[in-house]
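**Student:** Return a 3D structure for these sequence lines:
(one chain, ligands or ions: 1)
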Amino acid sequence: MGQQLEVINPIVHRVVEEARENPDAFWSREARALHWFRYWDKVFEWNYPERYRWFIGGETNLSYNALDRHVQSGWGGHTALIYANERGERRLFTYAQLHRKVERLAAALRGMGVQKGDRITIYMPVSPEAIALMLAAVRVGAIHVVVFAGFGARALADRVAASGSRLLFTSDITYRKGQNVPLKGIVDQALNIAGDTVEHVVVLQRESAPVPMTPGRDLTWDEFVARAEGQSGHMVPLEANEPAFIMATSGTTARPKLTVHTHGGYAVWINSTGNWLFKLRPTDVWWATSDIGWIVGHSYIVYAPLMAGCASIAYEGAIDYPGPETFWQLIEEFGVTGIFTAPTAVRLLMRYGTEPARQFDLSSLQRIVCAGEPLNPPAWEWLQKEVLRDRVPVIDHWWQTETGGPVIGNPYGLSMVPIKPGSATIPMPGVEVQVVTPDGKPCGPNEKGILVIKNPFPGLTSTLWGEHERYLNDYWGRIPGQRLYFTGDAAHVDEDGYVWFAGRADEVVNVAGHRIGTIEVETALLTHPAVAEAGVTGRPDEVKGEVLSAFVVLRPGHEPSDQLRQELVQAVRRELGPVAVIGEITFVNMLPKTRSGKIMRRVLKAVILDKDPGDITTIEEEGSVEEARAAWEQLKAERSEQQ
Ligand code: AMP
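**Tutor:** Model prediction:
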């Protein structure tokens, strides 16, 4: 019999109960932690199929809560932003300095004729200018659409066109592992594809080499800032449900969807979860190793740490460049107290071993939180035990672009519950989850099914930009006869109420009637010391229905061999039992991943079925598809020779 939360942690239990018993009172209290120019008339309303709304009639502004509030309360002299890049450049901004910069850019946006509700696309690297521009846009009621600066022309064009952006901001180049990656040329290509919604392109020039400018359309950054003359940078109070920004999902499974996050509900959600889960405090030096092109960058480089009054690090570059020690060195250099990173980053650091970490003083660190994919227990073990020697917790937590902030995690900030490696832990207060079968029957403890969320919560997108029907169908219309939010993830809940993710629901592999999550198999493969990364998919099989097909990247010093294949098959058997039948293991040098580091298993599936991989505009390395194809073909050839 499992233990109830009441026993596991009475403090967390009390907060969860408050949220359940009287959600309106609960969310009112949470919302009052922020500044409102006018309080709401009603906390929540949903006239299905319309959008649901939170804090209706309330007036606030995300930018005000992130900046002005602190300047007014005397915190203006405190560091707000620490910009660092791989070239050793460092720039610090206090809250007062950032506030002034943002006001000026807000005035410049007004000078460009930007009005409330206009969309502006920001296709720039992590930089103080891009961050200030985000804050300036929401300040004047415009809606920002940040597009990751590593995307190509097609992905950019899609997002510009779908959002109907009037202005596009870019820079001449971005820095990537010692290279200058040109951006402006990609913008020109994208605008040829996207049509003519964009009136002006503003270019931040970082290098001296000039870039081609289209007269009448393109402006330099200085020309843009000069438009501030005679304009005011004042902030406009906005109704809580006004959109602050549009953010596309990462495209692991399908064509990206444009989620919409608001000034009210989103702000309350990331502020509350920033407190419950991450324990963000004004004394924190907080580093989210993400990029502003992702929701993690929006919520945890920019908005939540600034709302909490922290010093937030914005790092432009790779965490292992110029060397494998870079990540650890930055922790020491800035006295980082909290880190938000992704499993792909942990696995990358793990490949270099503990040696680089040992060279630095990591004593400032208080916690590391990790999301984006499951933090496989071998990776967790390495970071928590080997590197950090159990001194601080390493906390996995689950969320989606759609949810704005964490939904399932360990409430470290409220009061930590025991960590179970491999589990994302428990739902945040105000969220009720359930695991169901595809036809909506509730699953029992430890029974695998699809994770659904029973109720909207303030951070959850209430529509997709321009595609409300798709929103209702894809999220609230998937479970027959019930209005439940469909996460798309396979999971089970254990007897203590902990949630364990097994992979995307449509990627679960059915081997002779046993449903096996891709992640479970990948984790089992990672228990072998030769394995750096693994991506698993199902392959149709006449006898078993499906068998598991694994793509494996080896750690340095290990070579592919049949002997190793056998050992890996055994490792999976040992972890998951004889039901987990591995059809084959293909060794590759890299896995197809999204630019945000998520394994694209649908691409692996396309490779083994010899099909078109579909939309791969968000892929990190296009070469990874060809590499996987070549390795797969070679394996097939070797096998047919042996037969
Ligand atoms: P995105 O489209 O980038 O918002 O990706 C959201 C998806 O990432 C989720 O639906 C999960 O499949 C996956 N994900 C994120 N965090 C975790 C986690 N901690 N454990 C398992 N899966 C995760």
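**Student:** So the closest residue to the ligand within the stretch 501-643 of the chain, which state does it fall into?
**Tutor:** Proximity to the ligand, evaluated over the stretch 501-643 of the chain using C-beta to the nearest ligand atom, is greatest for residue 501 at 3.8 Å. Where C-beta positions appear, they are placed from N, C-alpha and C, glycine not excepted. Assigned state for residue 501: strand (three-state reduction, DSSP: H, G, I helix; E, B strand; the rest coil).
**Student:** tell me the pLDDT at it?
**Tutor:** Note on residue 501: pLDDT of 96.
**Student:** Next up, the contacts around it.
**Tutor:** 374, 398, 424, 451, 489-491, 517, 519 (C-beta atoms under 8 Å, 6 or more residues apart in numbering).
**Student:** what do you get if the cut-off is 6 Å, keeping everything else the same?
**Tutor:** The contact partners of residue 501, taken as C-beta atoms under 6 Å, 6 or more residues apart in numbering, are 374, 424, 489, 491.
**Student:** Quick check: the gap between it and residue 150.
**Tutor:** Counting by C-beta to C-beta, to the nearest Å, the separation of residue 501 from residue 150 is 26 Å.
**Student:** Go ahead and confirm residue 440 touches residue 479.
**Tutor:** Yes: using C-beta atoms under 6 Å, residue 440 makes contact with residue 479 at a distance of 4.4 Å.
**Student:** pretty sure residue 156 is in contact with residue 191, am I right?
**Tutor:** No: applying C-beta under 6 Å, one finds residue 156 not in contact with residue 191, separated by 8.7 Å.
**Student:** out of the two, which sits in the busier spot?
**Tutor:** It is residue 156, of residue 156 and residue 191, that has more neighbours when counted by other C-beta atoms under 10 Å, with 26 against 21.
**Student:** List the residues that contact the more buried one.
**Tutor:** Applying C-beta under 6 Å, 6+ apart, the residues contacting residue 156 are 123, 147, 190.
**Student:** A strand includes it, no?
**Tutor:** No: Residue 156 is assigned helix when assessed by three-state DSSP, not a strand.
**Student:** Not including adjacent chain positions, what is the nearest residue to it?
**Tutor:** In space, and not counting its chain neighbours, residue 156 is closest to residue 190: 4.0 Å by C-beta to C-beta, 6 or more residues apart in numbering.
**Student:** Tell me the secondary structure at the nearest residue to residue 438 once chain neighbours are set aside.
**Tutor:** Nearest residue to residue 438 in three dimensions, chain neighbours excluded: residue 450, at 6.5 Å (C-beta to C-beta, 6+ apart). Three-state call for residue 450 (three-state DSSP): strand.
**Student:** How about residue 450: which residues does it bridge to?
**Tutor:** Using DSSP bridges, the beta-bridge partners of residue 450 come out as residue 436, residue 490.
**Student:** Correct me if wrong: it contacts residue 505.
**Tutor:** Yes: between residue 450 and residue 505 there is a contact under C-beta under 6 Å: 4.7 Å.
**Student:** more crowded one of the two?
**Tutor:** When neighbours are counted by other C-beta under 10 Å, residue 450 and residue 505 differ, and residue 450 comes out ahead with 24 against 21.
**Student:** and the more buried one, how far is that from residue 610?
**Tutor:** 29 Å.
**Student:** show me what contacts residue 511?
**Tutor:** 544, 546, 579, 581.
**Student:** Tell me the buried residues in the lowest-mean-pLDDT helix or strand in the chain?
**Tutor:** Every helix and strand in the chain was compared by mean pLDDT, DSSP states H and E; the lowest is strand 514-516, with a mean of 87. Applying a neighbour-count criterion of 16 or more other C-beta atoms under 10 Å, one finds 514, 516 buried in strand 514-516.
**Student:** Paired strands for that strand, with orientation please.
**Tutor:** Going by DSSP bridges, the partners of strand 514-516 are strand 509-511 (antiparallel).
**Student:** what about the strand it pairs with, average pLDDT?
**Tutor:** On average, strand 509-511 scores 90.
**Student:** Tell me how far it lies from the chain's centre.
**Tutor:** Distance of strand 509-511 from its chain centroid, counting by C-alpha atoms, centre = their mean, to the nearest Å, is 28 Å.
**Student:** Closest residue of the stretch 201-350 of the chain to the ligand?
**Tutor:** Closest residue of the stretch 201-350 of the chain to the ligand, C-beta to the nearest ligand atom: residue 250 (3.4 Å).
**Student:** Up against the ligand, what does this structure have?
**Tutor:** 249-250, 252, 371-374, 396-401, 424, 487-489, 501, 504, 596 (C-beta under 6 Å from any ligand atom).
**Student:** Show me the shaky parts of this structure.
**Tutor:** By pLDDT under 70, the low-scoring segments of the chain are 1-2, 251-255.
**Student:** what's the longest helix in it?
**Tutor:** Longest among the helix segments of the chain by residue count, using DSSP state H, is helix 623-642.
**Student:** Give the other helices and strands that that helix contacts.
**Tutor:** Packing partners of helix 623-642 (3 or more C-beta pairs under 6 Å, 6 or more residues apart in numbering; DSSP states H and E): strand 582-587, helix 601-608.
**Student:** give me the number of residues near the closest residue to the ligand within the stretch 51-200 of the chain?
**Tutor:** Proximity of the stretch 51-200 of the chain to the ligand (C-beta to the nearest ligand atom) peaks at residue 148, 11.3 Å away. Neighbourhood size, residue 148 [other C-beta under 10 Å]: 22.
**Student:** distance of it from residue 30?
**Tutor:** Residue 148 is 31 Å from residue 30, by C-beta to C-beta.
**Student:** No more questions from me, cheers.
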